[in-house]
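Asker: Using only what follows, build the 3D model:
(one chain, ligands or ions: 1)
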Amino acid sequence: MAIVLISLILAAFIALYFYLAQNNKYWQNRGVFCADGALPGVGHMLSVISMKINFHECCSKIYHNNRGRSMVGFYNFMSPSLMVLEPELVKTVLQTNFTSFHRNAQKIDPDTDPLLSKHPFFSYGDKWLVGRKRLTYSFSSKKLKILLESVKSVCVMLEDYLDNKLSKTGKVQLELKDLFSKYTTQVAAAAGFGVDGFCFDEEKADVSFRKIGKKILEPSIRNTMMLISVIFVPLLNKILKISIIPKDIDNFFRTLVKDLMEERRKEEIPRNDFLDLMAKLERIEGDKFDLEMLTSNVITFFIDSYGTSSTAMSFIGFQLASHPKVQEKLRKEVMTVLDKYDGAITYEGLKEMTYMDQVINESLRLQPVLPSMIKSCTEEFELRGSDGLVCRVQPETEILIPVQGLHKDSRYWKNPEVFDPERFSPDRKHSIEKFAFLPFSEGPRACVGMRMALLLMKVGFAAILRKYNLELSSKTQIPLKLIPESVLPAAKGGVWVFFRQL
Ligand code: HEM
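Answerer: The predicted structure is shown next:
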């Protein structure tokens, strides 16, 4: 009896091993070198699921260990994925042969997350086109000038908040991710639907939009489970059914958009927000927008304005506080431009702040907000590397774009670890290798909100630099380490900076 039982257990283990290892020769069989360290079942993800490093750091490691190659295979758990390492191949995937790679690999179950499943990043076909079209319409120069007014009103609140903190001691220590999340969430509420998000009002923390943002994107046990199951093991989420947007927030946005849109349809008083632009577009197109799609567009505006931009701003603020000379040079530019426009922040003035663009670009190079992107092959396609490697990519294969790896490759960047905004100066920026710098991606799926993101970041830094000096606090852990379980890059222990009135 005991022998039968032992034999059965042994057979079960062997069967499990063969099941988990079934794909482990996928790349070897195709003549593509596979990154070292794959294990049955988890592939190259052991250090990620054990929270030693995050997924992006894992990709950067694979990139650097295989720098001389054009492509390298790796296993995202049991899925064979292909990392393309050459800018020319990145171009093929993102731009030249977009039709074969037009989908992002991350999938959202429309039953679990109905609103997010219509976000352009997660959608394709008609849904993708509608979402993109509405956002593109909102971010033309003319419309951005309208949204700028809302962003400026938030800067006044930001300044009041800082002045209030500084009134007692003249110097205050603040955590940048928290501060900039308050700012970008307040912008998302004001420029999204013209409401007060109460982000700078500590007494109203309970009803603040900041609470909503935290619930969706910031590290928590729920969000870690969500990240693993939705992004990395979608099959697991078929059972767990964890939604990225929690049910109460889903309901909150549906009610808010329904109520506000009814008001906007009745009265035609112009306002400076995204919802108003949608009401105008509805009138132009002559048909009422489907409410679920519209709520999804608003959520896209909200999540993207808040999450990505606050992440980028916290790392830019870190660089400014760590490099006083760069900060001073940027302050001079801000003051000169503001003087030219009688102290006002204007759309034209922001365009003239070109050193600000250099600083933003260089910070995004060192710490991109999306340090790697995963595309899905939709039609069989032959990729040819400059080293002679040919790979016939099959539909459903994941293609990894190692953004962070390319951003720090010494073949494209001299002293890649050094923060040097001069790389993006007018006389040097033309020599930057195309497709080796991808903070907003490239091709038809490139970030549709780039202009909005640059606008809100530039306005925020112009408002801060004209009044305050930033100085790095010893509370910041140097070198910065990232929190492995965070959805977007976030520094362990936070980025702490002293603000002093000038
Ligand atoms: C510093 C801030 C931001 C950064 C670094 C950033 C970066 C990116 C990147 C790298 C992508 C992926 C593109 C791809 O899949 O190839 C993306 C997509 C997207 N971004 Fe942004 N983004 C920022 C802010 C914003 C803002 C403010 C909005 C809108 C309000 C926005 C809306 C979107 C949308 C809708 C997509 C999906 C586009 C598509 O798949 O067609 N982003 N962004």
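
Asker: just the helices in the stretch 251-400 of the chain please.
Answerer: Along the stretch 251-400 of the chain, counting by DSSP state H, counting those that start in this stretch, helices occupy 274-285, 291-303, 309-322, 324-340, 347-352, 354-366.

Asker: Format these as CSV; extra columns: mean neighbour count.
Answerer: The way it works is simple: take the backbone N, C-alpha and C, and place the C-beta from them, glycine included. Shown next, in CSV, are the helices of the stretch 251-400 of the chain (neighbours: other CB atoms under 10 Å):
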stretch, mean neighbour count
helix 274-285, 18
helix 291-303, 22
helix 309-322, 24
helix 324-340, 16
helix 347-352, 16
helix 354-366, 21
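
Asker: The ligand: which of these is closest?
Answerer: helix 309-322 (3.7 Å; CB to the nearest ligand atom).

Asker: Distance from the chain centre to the longest helix belonging to the chain, please.
Answerer: Determined from DSSP state H, the single longest helix within the chain is helix 141-169. Averaging C-alpha positions (CA atoms, centre = their mean, to the nearest Å) puts helix 141-169 23 Å from its chain's average.

Asker: again with stretch 166-184
Answerer: 23 Å.

Asker: Contacts made by that stretch with the rest, please.
Answerer: 154, 158, 161-162, 165, 199-200, 210, 213-214, 305-307, 309-311, 313-314, 317-318, 456, 460, 468, 473, 475, 490-491, 494-501 (CB atoms under 8 Å, 6 or more residues apart in numbering).

Asker: I'd like the average pLDDT over that stretch.
Answerer: Stretch 166-184 shows an average pLDDT of 93 in the prediction.

Asker: rewinding a little: what about the ligand: which of the contacts of stretch 166-184 touch it?
Answerer: 305, 309 (CB under 6 Å from any ligand atom).

Asker: And the contacts of stretch 166-184, which of them are buried?
Answerer: 154, 158, 161-162, 199-200, 210, 213-214, 305-307, 309-311, 313-314, 317-318, 456, 460, 468, 490-491, 494-499 (16 or more other CB atoms under 10 Å).

Asker: And stretch 442-460, end to end?
Answerer: For stretch 442-460, the first and last residues are 25 Å from each other (CA to CA, to the nearest Å).

Asker: So which bits of that stretch are buried?
Answerer: 442-443, 445, 447-449, 451-460.

Asker: same deal with stretch 361-381?
Answerer: Per 16+ other CB under 10 Å, stretch 361-381 contains these buried residues: 361-378, 381.

Asker: Strands along the stretch 151-300 of the chain, start to end?
Answerer: Assigned by DSSP state E, counting those that start in this stretch, the stretch 151-300 of the chain shows strands spanning 171-175.

Asker: So which residues on it come close to the ligand?
Answerer: T300.

Asker: Tell me where the stretch 151-300 of the chain is predicted with low confidence.
Answerer: 217-223, 225-235, 237 (pLDDT under 70).

Asker: mind running it again at 90?
Answerer: 167-170, 191-249, 252, 262-289, 297-300 (pLDDT under 90).

Asker: so which strand or helix has F498?
Answerer: strand 496-501 (DSSP states H and E).

Asker: Listing partners with orientation, what would you give for that strand?
Answerer: strand 171-175 (antiparallel), strand 468-472 (antiparallel) (DSSP bridges).

Asker: Turn those into TSV, columns for distance to L39.
Answerer: Below are these laid out as TSV (distance: least, CB to CB, whole Å):
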stretch	distance to L39
strand 171-175	37
strand 468-472	40
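
Asker: any weak-confidence spans in the stretch 301-450 of the chain?
Answerer: Residues of the stretch 301-450 of the chain that meet the cut-off, pLDDT under 90, sit at 301-307.

Asker: Try it again at 50.
Answerer: Within the stretch 301-450 of the chain, no range satisfies pLDDT under 50.

Asker: Around the ligand, pick out the residues from it.
Answerer: 301, 304-305, 308-309, 312, 369-370, 373, 439-441, 445-449.

Asker: quick one, what contacts the residue nearest to F499 when sequence neighbours are not counted?
Answerer: Once flanking residues are discounted, F499 sits nearest to Y468: 4.8 Å by CB to CB, 6 or more residues apart in numbering. Neighbour list for Y468: 162, 166, 499-502 [criterion: CB under 8 Å, 6+ apart].

Asker: Name all residues that make contact with the one residue in the chain that gets nearest to the ligand.
Answerer: Closest approach between the chain and the ligand, counting by CB to the nearest ligand atom: G449, at 2.0 Å. Taking CB under 8 Å, 6+ apart, we find G449 in contact with 135, 139, 301, 304-305, 308.

Asker: same deal with P444?
Answerer: So P444 contacts 95, 98, 102 (CB under 8 Å, 6+ apart).

Asker: Can you report phi and psi for it?
Answerer: phi -60, psi -20 (degrees, to the nearest 10).

Asker: separation between the residue lying closest to Y341 once chain neighbours are set aside and A191?
Answerer: Of all residues not flanking Y341 in the chain, G349 sits nearest, at 4.6 Å (CB to CB, 6+ apart). Distance of G349 to A191, given as CB to CB, to the nearest Å: 19 Å.

Asker: Now flag whichever of the contacts of G449 is closest to H407.
Answerer: Nearest to H407 among the contacts of G449, counting by CB to CB, is T308 at 16.2 Å.

Asker: residues in contact with the closest one?
Answerer: 369-370, 449, 453, 488.

Asker: Go again with 6 Å.
Answerer: The neighbours of T308, taking CB atoms under 6 Å, 6 or more residues apart in numbering as the test, are V369.

Asker: what does the one 10 residues further on give?
Answerer: F318 makes contacts with V495, as judged by CB under 6 Å, 6+ apart.

Asker: And the one 4 residues further on, by the same measure?
Answerer: The contact partners of S322, taken as CB under 6 Å, 6+ apart, are L472.

Asker: Using CSV, list the CA coordinates for stretch 81-98.
Answerer: Extracted as CSV, the C-alpha positions of stretch 81-98 are listed here (Å, rounded to 0.1, in the frame of the first residue of the first chain):
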residue,chain,number,x,y,z
SER,A,81,9.2,36.2,-24.1
LEU,A,82,11.7,37.8,-26.4
MET,A,83,13.8,40.9,-25.4
VAL,A,84,14.9,43.0,-28.3
LEU,A,85,18.2,44.8,-27.4
GLU,A,86,18.9,46.9,-30.5
PRO,A,87,17.3,50.3,-31.2
GLU,A,88,16.7,49.3,-34.8
LEU,A,89,14.7,46.2,-33.6
VAL,A,90,12.8,48.4,-31.1
LYS,A,91,11.9,50.7,-34.0
THR,A,92,10.6,47.6,-36.0
VAL,A,93,8.4,46.6,-33.1
LEU,A,94,7.1,50.0,-32.0
GLN,A,95,6.9,51.8,-35.4
THR,A,96,7.8,50.2,-38.7
ASN,A,97,5.9,46.9,-38.2
PHE,A,98,3.4,48.2,-35.7
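
Asker: Okay then, goodbye and thanks.
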